[in-house]
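# Predicted structure and sequence below. I'll ask about it afterward.
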Amino acid sequence: MSEKSKVAPLQVFHGQSQTATYRQQLVRSYDGNPLIEAQPNILSVPDAMKLLAYHPIFDPKDRNLPPEIRIHQIQGAMRFFEPLPIHIDIEQRFSRMIRDGYVGRNPVAKGHWQELDKRVDIIAKSGGIPLQSSAANGFLIVGLPGMGKTFTVERLLQLYPQILNHTEYQGKPFSRIQVTWLKLTCPHDGSIKGLALSFFQAIDDLLGTDYYKLCTGNGKRTVDELIPAMARVAWAHCLGLLVVDEVQHLNNSKSGGADRMLGFFLQLMNTLGLPVLLIGTYAALSILNRELRQIRRSSGLGDVVWERMPNDDVWKLFVEGLWRYQYVRNPVSLNKELSDTLYDECQGITDFAVKLFILAQIRAIVSGHEKITAAIIRSVAHDSLRLAKPVLQALRTGKTEELAAMSDIHPIEIPSAIRDIQRKQLLGKLSENSQSTNEGNGQLADSKSLESTQMSSAGCTASFRNGRAKKVRRPKKNEVASQCSLVQTANEGVKNGVSAHDALVASGAIKPLFNPKRHTI
């Protein structure tokens, strides 16, 4: 392919490439099929839990490290993964789905390629949904953002090599490049063409092939031309599972895109025998329900509606695993108050729970308090979950029917949340410094009060203590200029890779931030 005709690589989730080795099968219908025999062994529940779990390395001695080092280490907890019953359930469905899809597609069976031509011809000529069925299963995972749907699926996919290179099977030459799975994201316009183009691009990125140019005419061919070509490439490379994420994008499709797209998925399952896994949020349910009734009839696996964790033993298991990763100097045991507070603020959404746990520690360290409390958890939740409040309130009050009407949940952006915590503490230190050098000229808000301060372009106009507004002297021009100088010093430090706090300390504008004796919560 010439440099001009090359298509930019598609940013998709990739797995491992291995040389195929074959394992004896205990399930009779799997025996004698190299596509199945090359897969890893079927996992027991304990083995699946062991492989899925990820517990970051933690040494209690690290609690004695400097604050700036611990703040970096705390973020390792974001990779924490504790297998829960729902993860094991989905793993077992994966195991069956991939293997069942290969049962009807044995490349060493007689008439395999003739069967390919026959099935692709059916797809090319069919104006609707084919009536014949196959052994392929597919299912839908739908739930709130932040529950770990995509992360879990990607972790499960990693249990299977994505590419298997076959050279010989049962003493005979057998040359084949098998793609066990492929994960794509549903196009924002919900179009089959967009998905098909992404498919060819992803296959080319994986295998170094030229299908995008050969099969799409560099993107110029019609949907009716792309679908049979996609089916042929999927069959030729023994695709075992197609995962399509973010299917709520069908909500934005044009001219009946949802019906066409879901009908296409059903074609792949019924005619080609290719399992399809769809992942989406509640926003997709209103569109998916009608077509999913047809998909469910061809599937024996059922759907997974991923509810938030209830405040029960599963939540307790999750939080107890997470709670080990305390980097504060004064770690506390998990008790009912802390567990219930964290649950109330995150409503069982795992992403929020992990991030609030991290941010609570950072606030405790930066403030010098060095201990996680219920008050700190509520404080960081108030600051970091403002945009998610409507969803959390609907969950809190049991109005779950409102969730389908909500387009999404705004995630916590950890870097910006950390900067916000550090900025507020820095403002508190600037206030202390200004107060100590300008005694008798009025009081500025302390670090705790600043979280409720109303700001104007000229500076602080009111500080709130105990729910009552207190007027504050408007700064003079030379004081405003001094404050601007401090901001400039802080910004220059950040540009040079130094924290704002360290830059101001170096300039002599403030005293070091981390002095526990000078801080209270």
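Now that the structure is in, tell me what you want to look at.

# neighbouring contacts of the helix or strand containing M97?
Under the criterion of DSSP states H and E, M97 resides in helix 85-103. Contacts with helix 85-103, where a contact means Cβ atoms under 8 Å, 6 or more residues apart in numbering, come from 27, 29-30, 33, 35-36, 39, 42-43, 45, 48-49, 52, 135-139, 141, 152-153, 156, 159-160, 180-181, 238, 240-241, 273-275, 277, 301, 304, 306, 314. Backbone N, C-alpha and C define where each C-beta goes, glycine included.

# Now list the buried members of those.
Neighbour-count burial (16 or more other Cβ atoms under 10 Å) applied to the contacts of helix 85-103 gives 30, 33, 35-36, 39, 42-43, 48-49, 52, 135-139, 141, 152-153, 156, 159-160, 180-181, 238, 240-241, 273-275, 277, 301, 304, 306.

# Could you check how many residues crowd around G148?
20 (other Cβ atoms under 10 Å).

# Contact partners for it?
By Cβ under 8 Å, 6+ apart, the contact set of G148 is T350, D351.

# Kindly recompute the last result at 10 Å.
F81, L84, I86, H87, E154, R155, W306, I349, T350, D351, V354 (Cβ atoms under 10 Å, 6 or more residues apart in numbering).

# can you list the domains in this protein?
Using automatic domain parsing, the domain ranges for the chain come out as 17-45+84-306, 313-412, 415-515.

# related to what we said a few turns ago, next helix or strand past the helix holding M97?
That would be, after helix 85-103 and using DSSP H and E, helix 112-125.

# Who does the following helix or strand past that next one pair with, and is each partner parallel or antiparallel?
The helix or strand immediately downstream of helix 112-125 is strand 139-143, counting by DSSP H and E. Strand 139-143 pairs in its sheet with strand 276-280 (parallel), strand 304-306 (parallel), by DSSP bridges.

# Check which residues of the first one are buried.
This points to strand 276-280. Quick answer for strand 276-280 (16+ other Cβ under 10 Å): V276, L277, L278, I279, G280.

# Reformat these as JSON lines; add pLDDT and distance to A196.
Converted to JSON lines, the buried residues of strand 276-280 look like this (pLDDT from 0 to 100; distance: Cβ to Cβ, whole Å):
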{"residue": "V276", "pLDDT": "89", "distance to A196": "14"}
{"residue": "L277", "pLDDT": "90", "distance to A196": "18"}
{"residue": "L278", "pLDDT": "88", "distance to A196": "16"}
{"residue": "I279", "pLDDT": "90", "distance to A196": "19"}
{"residue": "G280", "pLDDT": "87", "distance to A196": "19"}
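
# hang on, the earlier thing: which ones among the contacts of helix 85-103 are found in strands?
F139, I141, L277, V304, W306 (DSSP state E).

# what bridges to the first one?
In other words, F139. With DSSP bridges as the rule, F139 is bridged to L277.

# and it, what pLDDT?
As predicted, F139 sits at a pLDDT of 79.

# Dump the strands paired with strand 139-143 to TSV, plus distance to L226.
Formatted as TSV, the strands paired with strand 139-143 follow (distance: least, Cβ to Cβ, whole Å):
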stretch	distance to L226
strand 276-280	17
strand 304-306	30
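
# I'd like to know which of those is closest to Y325.
strand 304-306 (24.3 Å; Cβ to Cβ).

# sorry, back to before: among the buried residues of strand 276-280, which one sits closest to P66?
Set against P66, the nearest of the buried residues of strand 276-280 by Cβ to Cβ is I279 (41.4 Å).

# how much space between that closest one and L184?
11 Å (Cβ to Cβ, to the nearest Å).

# what do the two both touch?
V243, V244, D245, E246.

# Closest one of the residues you listed to H72?
For the shared contacts of I279 and L184, the nearest to H72 is D245 (30.2 Å; Cβ to Cβ).

# For the nearest residue to the closest one once chain neighbours are set aside, give me its contacts.
Distances taken as Cβ to Cβ, 6 or more residues apart in numbering place I279 nearest to D245, at 4.6 Å, with adjacent residues excluded. Neighbour list for I279: 140-143, 149-150, 152-153, 183, 185-186, 243-248, 304, 306 [criterion: Cβ under 10 Å, 6+ apart].

# what about 7 Å?
I279 sits next to I141, K149, T150, V153, V243, D245, V247 when contact means Cβ atoms under 7 Å, 6 or more residues apart in numbering.

# Of the residues you listed, which one scores lowest on pLDDT?
Lowest confidence among the contacts of I279: V247, with 85.

# wait, isn't that one in contact with A283?
No: the criterion here is Cβ atoms under 7 Å, and V247 misses it with A283 at 9.6 Å.

# Looking at the two, which one has more neighbours?
Each of V247 and A283 has its neighbours counted (other Cβ under 10 Å); V247 has more, 25 against 21.

# And the more buried one, how close does it get to D210?
29 Å.

# cool, and A48?
From A48 over to D210 the distance is 38 Å, taken as Cβ to Cβ.

# ditto for T185
In terms of Cβ to Cβ, T185 sits 23 Å off from D210.

# Which one's more surrounded, the two?
T185 (20 against 13).

# Let me see the confidence value for the more buried one.
pLDDT for T185: 91.

# Could you list everything it pairs with in the sheet?
D245.

# Let me know whether it touches V247 as I believe.
No: counting by Cβ under 7 Å, T185 does not reach V247; the two are 9.3 Å apart.

# shared neighbours, these two?
Residues touching both T185 and V247 (Cβ under 7 Å, 6+ apart): none.

# okay, now R93: neighbour count?
Other residues close to R93 by other Cβ under 10 Å number 20.

# One more: the one 4 residues further on?
Around M97 sit 22 other residues, with neighbours defined as other Cβ under 10 Å.
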